[in-house]
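> Any chance you can model this:
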Amino acid sequence: MGREPESSSVVAEKVASHSTYEELGRAFVLSLEFQATNPSAGFDINRVYWSLPGEVTVDVSPEIFARLLERLSRQWRKLGESDPYWSVLTHDDFRLQSIDAKKLTEFYDSGQRAAGLIELFEKKTGASVQRGVCLELGCGVGRITAHLAKRFERVIAVDISPGNLAICQRYMEEFGIDNVQTVLLESPEQLSALGKFDFFYSMIVLQHNPPPIQKVLLENILGNIRYGGGCLFQTCGSLNGYSFNPTNYLATNEEVMDIHCLPKPVVLRLLHENGLQVRDVEMDTWVGAFGSYTYFATK
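Residues are numbered from 1 along each chain as shown. All right, here's what the predicted structure looks like:
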């Protein structure tokens, strides 16, 4: 930016809201201030705007779907056992071997800002949602869950990682938060069986699921939102160079953590088909690259 930070609190805010140096750097590059003094920074946005995205397969056979889900479950079981806090916010400060009481407090405090997006999007759009039951997909270790529990009568906290979910449950018990129900997700169909709820919330979660799994998760969630309720969730739509072929993907070496896209038109169609009115779609910096979006819709 060519200047000093405004204050130490701004520095702390940026650190809390970005997981890696690359993500933080991209957030600066995408900012209006940077683009005003560096016109060429809009190149990435311009390139994506004028080009077709890579081919992304979102519908697969039951056999392929089961293999994708098995791989995903295996990844997150390992992460929940080896590096639970880092798996939520991929910053070295939150590695299991380096996190201490102070950093742990900062980690959980950062969830307040993410939960506050609900009120922010309500104010932006003039739409409001009921504060009954909230379904949180990908609760992890409860970083945002604890703050959602203050906003809703009840929170159903769902996660695919047994290790992360156990930490989430212990955290709620330790701090006397008694309106959170934890659910270990073993199949997307479980979500339909949870019954109706008022609000669906998910940040930096869907993007770690292959596109076919993202689509089925949303299909099982969006139809269960009660009238008067809504949703706020984030996922990647079209990252530079991204494409998805399930056969090719399953043939690759298993990574620690993957980033996937679900094309924006697919998300918008799912919202429409499930009776939700799109109130806002904002480009965000959760991934630190052009192509990640936050969706806010009401029913």
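> Could you use CA atoms for every contact and neighbour count after this?
OK.
> Can you get me the start-to-end distance on stretch 237-249?
Its start and end residues considered, stretch 237-249 measures 18 Å (Cα to Cα, to the nearest Å).
> Return the set of buried residues in it.
Residues 237-239, 243-244, 246 are the ones in stretch 237-249 that count as buried (16 or more other Cα atoms under 10 Å).
> how distant is that stretch from the center of its chain?
18 Å (Cα atoms, centre = their mean, to the nearest Å).
> Now do that stretch: everything it contacts.
Applying Cα atoms under 8 Å, 6 or more residues apart in numbering, the contact partners of stretch 237-249 are 48, 53-57, 60, 64, 68, 211, 260-264, 289-293.
> rerun at 7 Å
The contact list for stretch 237-249 (Cα atoms under 7 Å, 6 or more residues apart in numbering) reads 53-57, 261-264, 290-293.
> Among the residues you listed, which ones are in helices?
Here DSSP state H is the test, and the contacts of stretch 237-249 give K264 as lying in helices.
> Weed out the non-buried ones from the contacts of stretch 237-249.
Neighbour counting over these (16+ other Cα under 10 Å) leaves 53, 56, 261-264, 290-293 as the buried ones.
> Could you export these as CSV, including distance to S82?
Formatted as CSV, the buried ones among the contacts of stretch 237-249 follow (distance: Cα to Cα, whole Å):
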residue, distance to S82
P53, 35
V56, 31
C261, 26
L262, 28
P263, 31
K264, 33
F290, 30
G291, 30
S292, 27
Y293, 29
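> Including pLDDT and distance to S73, could those residues go into JSON lines?
Listed next are those as JSON lines, based on pLDDT from 0 to 100; distance: Cα to Cα, whole Å:
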{"residue": "P53", "pLDDT": "86", "distance to S73": "28"}
{"residue": "V56", "pLDDT": "97", "distance to S73": "21"}
{"residue": "C261", "pLDDT": "96", "distance to S73": "18"}
{"residue": "L262", "pLDDT": "97", "distance to S73": "19"}
{"residue": "P263", "pLDDT": "96", "distance to S73": "23"}
{"residue": "K264", "pLDDT": "96", "distance to S73": "25"}
{"residue": "F290", "pLDDT": "80", "distance to S73": "28"}
{"residue": "G291", "pLDDT": "88", "distance to S73": "25"}
{"residue": "S292", "pLDDT": "92", "distance to S73": "23"}
{"residue": "Y293", "pLDDT": "95", "distance to S73": "25"}
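> ok, these vs L89, which is closest?
S292 (16.5 Å; Cα to Cα).
> Reformat the buried residues of stretch 237-249 as TSV; add distance to G195, secondary structure and pLDDT.
Output for the buried residues of stretch 237-249, formatted as TSV (distance: Cα to Cα, whole Å; DSSP: H, G, I helix; E, B strand; the rest coil; pLDDT from 0 to 100):
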residue	distance to G195	secondary structure	pLDDT
G237	28	coil	94
S238	32	coil	89
L239	34	coil	87
S243	34	coil	95
F244	32	strand	97
P246	31	helix	97
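> if we can go back for a sec, which ones among the contacts of stretch 237-249 map onto strands?
The members of the contacts of stretch 237-249 that map onto strands under DSSP state E are 292-293.
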